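# got a predicted structure here, sequence first:
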Amino acid sequence: MSRQELIATSGFGMEGLVAAELNRLGYGQQKVENGRVTFQGDERAVCRTNLWLRCAERVVLKVGSFEAQTFEELFEKTKALPWPDLLPEKACFPVNGKSVRSRLHSVPDCQAIVKKAIVEKMKQRYKVSWFEETGPKYTIEVALLKDVATLTIDTSGPGLHKRGYRKIAGKAPLKETMAAGMIYLSKWRAGRTLIDPFCGSGTIPVEAALIGLNKAPGLERSFEAETWPDIPEKLWQEARTEALDLLDKDSKLEIEGYDLNASAVSLARLHAQEAGVDKQIHFQQRPVADLSSKKKYGYVICNPPYGIRLEEKEPIEKLYREMIQVFNRLESWSFYILTNHQNFERLYGRKADKNRKLYNGMIECHYYQFFGPRPPRKSEVGDANKQLEG
């Protein structure tokens, strides 16, 4: 596989963060669209982006894109693509599909036609009439949007939000990719205190610790493209060695996670241990009403309960009214709150300095950002905190 187009897919509202991550990795030639960032890369880029992207959902190889208004067009234009250059003879190549505002709205039919077209093209190269599909997996997707078909091959396998540390899902879990995005948007960095007073199973504190240690989020998992013969195992080994060399084990982190539910706190501790960051996070069972800190400056980043069910609405709205009273105790801090409640600012009693639309799964949310005063230089912050702790 030579240098060609790759796509990092993402949730809506996260595209800019994914583009920034790709820039940091050295892949700056990009096209940013809804739900995806297209960039140029080779085999090494497949390895590095899968290991390092915190906010992307997956990395896919773009095979081709074309207009298709009929099934015949879809078949012929799919067949014209260079499938034998990408798929070995024994490749297992299932076809997934989706269609949005397109004439070809029957997804099963589109999948079947794409599969048939690929098989016909493969027959020309391999001179066989039947493909066993017993080899490495190449998951193909045909995505139709406004009569334009885009064909891709998935390199990731399970979504990149599946870091490997979350063994048990808590109630209404926040995706790891979303948690990482919330942290990036806050501009938090190692050396500053971070508290999540609604930590649940610990996703925000764990993702913050991974960022603070500069630990690649995919370091503990495998990827579908690792089985592909055209990406040498050596490249995966080199990418992992690079990630280990860049790990900042000596970074001093001040991350705390609290929750009213004792089971959630136990689960958070387990996840932190699985992620290898349990020594960087302090978890404790504590109601939000007891939130406090001796630090003068810091960040609260949280995903409080939404109250989607009718019977939850009143207690959740009461909680939102109480939050401002509690958070006001930390008068020099910054607060970042994700919720889907349309009247959050009214209930909270303060208009956000900034808000951003994000999707927590299929739930449309807003990320409300309340900025505290800019802290003085690091030496001055240390002196101030020592005085408070004295």
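Ah, there it is. Residues are numbered from 1 along each chain as shown.

# now stretch 156-169: mean pLDDT?
Mean pLDDT, stretch 156-169: 91.

# one more: stretch 62-82?
If you average the pLDDT over stretch 62-82, you get 97.

# how long is it end to end?
11 Å (Cα to Cα, to the nearest Å).

# what of stretch 242-252?
Taking Cα to Cα as the measure, stretch 242-252 stretches 21 Å from start to finish.

# any buried residues in that stretch, and which?
Residues 243, 251 are the ones in stretch 242-252 that count as buried (16 or more other Cβ atoms under 10 Å). Yep, even glycine has a C-beta here, placed from its N, CA and C like the rest.

# one more: stretch 288-295?
The neighbour-count check on stretch 288-295 (16+ other Cβ under 10 Å) flags 288, 291, 293, 295 as buried.

# what's the spacing between the residue lying closest to the first one once chain neighbours are set aside and residue 131?
Put plainly, it is residue 288. In space, not counting the residues next to it along the chain, residue 288 is nearest to residue 197; the distance is 4.6 Å by Cβ to Cβ, 6 or more residues apart in numbering. Note on residue 197: its distance to residue 131, by Cβ to Cβ, to the nearest Å, is 55 Å.

# ok, the two, which is more surrounded?
Using other Cβ atoms under 10 Å, the more surrounded residue of residue 197 and residue 131 is residue 197, with 22 against 18.

# local confidence estimate at that one?
Looking at residue 197, its pLDDT stands at 98.

# from residue 317, how far out is it?
Between residue 197 and residue 317 the computed distance is 17 Å (Cβ to Cβ).

# again, but for residue 2
57 Å.

# these two: who's more crowded?
residue 317 (16 against 7).

# does that one touch residue 305 like I think?
No: here residue 317 lies out of contact with residue 305, judged by Cβ atoms under 8 Å, at a distance of 10.7 Å.

# SS state for residue 132?
Here residue 132 is recorded as coil under DSSP: H, G, I helix; E, B strand; the rest coil.

# same question but for residue 174, I mixed them up
coil.

# how about residue 359?
Classification of residue 359 using three-state DSSP returns strand.

# beta partners for it?
Note on residue 359: beta-bridge partners by DSSP bridges are residue 364.

# how close does it sit to residue 345?
19 Å.

# can you tell me the helix or strand for residue 326?
Element membership for residue 326 (DSSP states H and E) is helix 313-327.

# domain ranges for this structure?
The record's domain parsing of the chain by automatic domain parsing lists 4-154, 176-213+248-389.

# out of these, which is closest to residue 231?
With respect to residue 231, and counting by Cβ to Cβ, the nearest of the domains of the chain is domain 4-154 at 4.6 Å.

# mind jotting down where the strands sit in the stretch 251-390 of the chain?
Along the stretch 251-390 of the chain, counting by DSSP state E, counting those that start in this stretch, strands occupy 255-259, 281-285, 299-302, 334-339, 354-360, 363-370.

# for these, give me JSON lines that also has mean neighbour count and mean pLDDT.
Shown next, in JSON lines, are those (neighbours: other Cβ atoms under 10 Å; pLDDT from 0 to 100):
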{"stretch": "strand 255-259", "mean neighbour count": "25", "mean pLDDT": "98"}
{"stretch": "strand 281-285", "mean neighbour count": "18", "mean pLDDT": "97"}
{"stretch": "strand 299-302", "mean neighbour count": "26", "mean pLDDT": "98"}
{"stretch": "strand 334-339", "mean neighbour count": "25", "mean pLDDT": "98"}
{"stretch": "strand 354-360", "mean neighbour count": "16", "mean pLDDT": "94"}
{"stretch": "strand 363-370", "mean neighbour count": "19", "mean pLDDT": "96"}
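
# now render these as JSON lines, adding distance to residue 271.
What follows is the strands of the stretch 251-390 of the chain, written out as JSON lines (distance: least, Cβ to Cβ, whole Å):
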{"stretch": "strand 255-259", "distance to residue 271": "10"}
{"stretch": "strand 281-285", "distance to residue 271": "10"}
{"stretch": "strand 299-302", "distance to residue 271": "17"}
{"stretch": "strand 334-339", "distance to residue 271": "19"}
{"stretch": "strand 354-360", "distance to residue 271": "18"}
{"stretch": "strand 363-370", "distance to residue 271": "22"}
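
# the ones you listed: which one's closest to residue 38?
Nearest to residue 38, of all the strands of the stretch 251-390 of the chain, is strand 354-360, at 20.3 Å by Cβ to Cβ.

# which strands or helices does the closest one pack on?
Judged by 3 or more Cβ pairs under 8 Å, 6 or more residues apart in numbering; DSSP states H and E, the packing partners of strand 354-360 are helix 176-186, strand 363-370.

# which of the domains of the chain has the lowest mean pLDDT?
For the domains of the chain, the weakest mean pLDDT is recorded on domain 176-213+248-389, namely a mean of 91.

# so what's the gap between it and the chain middle?
Averaging C-alpha positions (Cα atoms, centre = their mean, to the nearest Å) puts domain 176-213+248-389 18 Å from its chain's average.

# and if you look at stretch 71-91?
Mean-position distance between stretch 71-91 and its chain equals 30 Å (Cα atoms, centre = their mean).

# buried ones in that stretch?
So, applying 16+ other Cβ under 10 Å, buried residues of stretch 71-91: 73, 74, 75, 77, 78, 79, 81, 83, 84, 86, 87, 91.
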